[in-house]
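Undergrad: here are the coordinates; sequence isn't available:
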């Protein structure tokens with residue numbers, strides 16, 4: 001016996017729902033389209049940059065004087081405070097002046113005796129000259145009288161010099177400062193015996209305002225700078241080529257600018273360097289002799305400089321600097337760079353980039369050459385609202 005099954009309406013509805021769920025599950029298992037990666041780029045522009053170089057240096061006093069006695073004697077009194085500022089001409093030590101005063105008085109007395117004898121000798125010579133016309137005296141008598149006058153005149157000049165010497169020695173008993181500056185410790189005390197021009201200085205005075213900063217520069221850097229100026233890659237126009245800035249040992253910037261005074265003409269054979277000497281104002285005495293500092297010396301202006309963020313530069317397996325760029329079609333490419341130096345948080349690029357190139361600054365980890373990307377402008381988070389592709393102000397310090 002054959003049975004015919006006729007589905008009910010409920011069965012048909014259930015079957016239709018099952019087919020629909022199966023289709024939905026198949027649709028949900030289909031792969032989603034790959035999103036286009038997004039990278040931040042900076043646009044390469046040429047800009048004017050003032051190039052500087054940081055060089056280590058050391059401060060030195062502008063003027064230094066070692067105080068030594070010029071006469072022998074006993075120190076009666078020290079007339080200054082150690083470590084204080086002294087003025088030129090200020091008395092520092094008092095040497096016992098009694099023997100020098102006595103020598104001056106003795107020289108004056110001898111000069112007076114010689115001057116007293118001179119008129120009588122001249123008058124005697126005049127009388128002999130008149131008497132010779134009457135044959136009353138001989139020529140020899142007149143010659144002897146003239147010789148006596150000349151000897152008396154020489155005695156006067158001799159004792160005048162003796163008086164001047166005694167006067168100078170009396171002044172030397174007052175030891176004065178030849179320059180203005182800061183005086184150090186005294187090597188003698190009251191009652192000490194000193195000798196003229198002794199090897200040990202009584203004290204040392206150093207002029208600290210202004211003050212020198214001596215900076216060694218290698219001859220290789222000097223020749224490289226000169227070649228860049230000759231080639232036209234650098235120019236001194238629009239810069240104060242003699243201006244020097246200073247960075248102290250704790251990293252703070254010295255507020256006052258100095259001036260490059262001269263470049264030494266001889267090379268130190270042990271270091272292959274020349275000395276640059278700059279002079280700085282030091283009104284508050286912040287700079288002391290012997291301090292180690294860093295001098296920021298201006299090299300010149302690069303009018304066609306290319307700067308990109310340091311984070312945009314990576315290294316290939318051989319260690320060469322490379323960067324990723326995005327072309328007009330949004331495809332990523334790689335280019336090799338030649339770097340000059342770091343300026344702040346940017347690299348100065350010598351070659352490898354052209355104006356208008358878009359360099360990847362963020363998102364390099366998720367792309368590779370040949371990838372199609374979506375490029376957006378790069379904004380430095382440390383400088384809100386600043387696009388590093390815009391020209392940077394000149395004056396950045398080169399490392």
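TA: Nice, thanks for sending it over. Every value quoted in this text rests on a predicted model; they were computed, and no experiment measured them.
Undergrad: Please give me every residue in contact with residue 175.
TA: Taking CB atoms under 8 Å, 6 or more residues apart in numbering, we find residue 175 in contact with 67, 69-70, 91-95, 202. The C-beta positions use only the backbone N, C-alpha and C, and glycine is treated the same way.
Undergrad: Give me the sheet partners of the helix or strand harbouring it and which way each runs.
TA: For residue 175, the enclosing helix or strand under DSSP states H and E is strand 174-176. Each strand paired with strand 174-176, and its direction, by DSSP bridges: strand 91-95 (antiparallel).
Undergrad: In the partner strand, which residues are buried?
TA: Buried positions in strand 91-95, judged by neighbour count with 16 or more other CB atoms under 10 Å: 92-95.
Undergrad: Can you tell me which of the residues you listed is nearest residue 360?
TA: Here the nearest of the buried residues of strand 91-95 to residue 360, counting by CB to CB, is residue 92; it sits at 69.8 Å.
Undergrad: What pLDDT is listed against residue 154?
TA: Looking at residue 154, its pLDDT reads 88.
Undergrad: which helices and strands does whatever helix or strand it lives in pack with?
TA: If you go by DSSP H and E, residue 154 is part of helix 139-172. With contacts defined as 3 or more CB pairs under 8 Å, 6 or more residues apart in numbering; DSSP states H and E, the packing partners of helix 139-172 are helix 98-133.
Undergrad: Show me what counts as buried in the helix it packs on.
TA: 99-100, 103-104, 107-108, 110-111, 114, 117-118, 121-122, 124-125, 128.
Undergrad: Could you identify the most distant pair in those?
TA: The two members of those with the most space between them (CB to CB) are 99 and 128, at 43.6 Å.
Undergrad: So residue 319, which state does it fall into?
TA: Classification of residue 319 using DSSP: H, G, I helix; E, B strand; the rest coil returns coil.
Undergrad: Now pLDDT too, for the contacts of residue 175, in TSV please.
TA: Output for the contacts of residue 175, formatted as TSV (pLDDT from 0 to 100):
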residue	pLDDT
67	94
69	95
70	94
91	95
92	95
93	95
94	95
95	95
202	95
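Undergrad: my guess is residue 197 is in a helix, correct?
TA: No. Remark: residue 197 does not belong to a helix; assigned using three-state DSSP, it is coil.
Undergrad: Can you tell me the closest non-neighbouring residue to it?
TA: Among residues not flanking residue 197 along the chain, residue 68 sits closest, at 5.8 Å (CB to CB, 6 or more residues apart in numbering).
Undergrad: Next, give phi and psi for the one you found.
TA: Dihedral pair for residue 68: phi -130, psi 150, per degrees, to the nearest 10.
Undergrad: Contacts only, for it.
TA: Counting by CB under 8 Å, 6+ apart, residue 68 makes contact with 197-198, 200-202.
Undergrad: Most neighbours of all those residues, which one?
TA: For the contacts of residue 68, the largest number of neighbours (other CB atoms under 10 Å) sits with residue 202, at 19 neighbours.
Undergrad: for it, what are its contacts?
TA: Taking CB under 8 Å, 6+ apart, one finds 67-69, 92-93, 175, 186-188, 194 in contact with residue 202.
Undergrad: I'd like those residues as JSON lines, with distance to residue 284 appended.
TA: Below are the contacts of residue 202 laid out as JSON lines (distance: CB to CB, whole Å):
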{"residue": "67", "distance to residue 284": "25"}
{"residue": "68", "distance to residue 284": "31"}
{"residue": "69", "distance to residue 284": "33"}
{"residue": "92", "distance to residue 284": "25"}
{"residue": "93", "distance to residue 284": "29"}
{"residue": "175", "distance to residue 284": "29"}
{"residue": "186", "distance to residue 284": "25"}
{"residue": "187", "distance to residue 284": "29"}
{"residue": "188", "distance to residue 284": "31"}
{"residue": "194", "distance to residue 284": "35"}
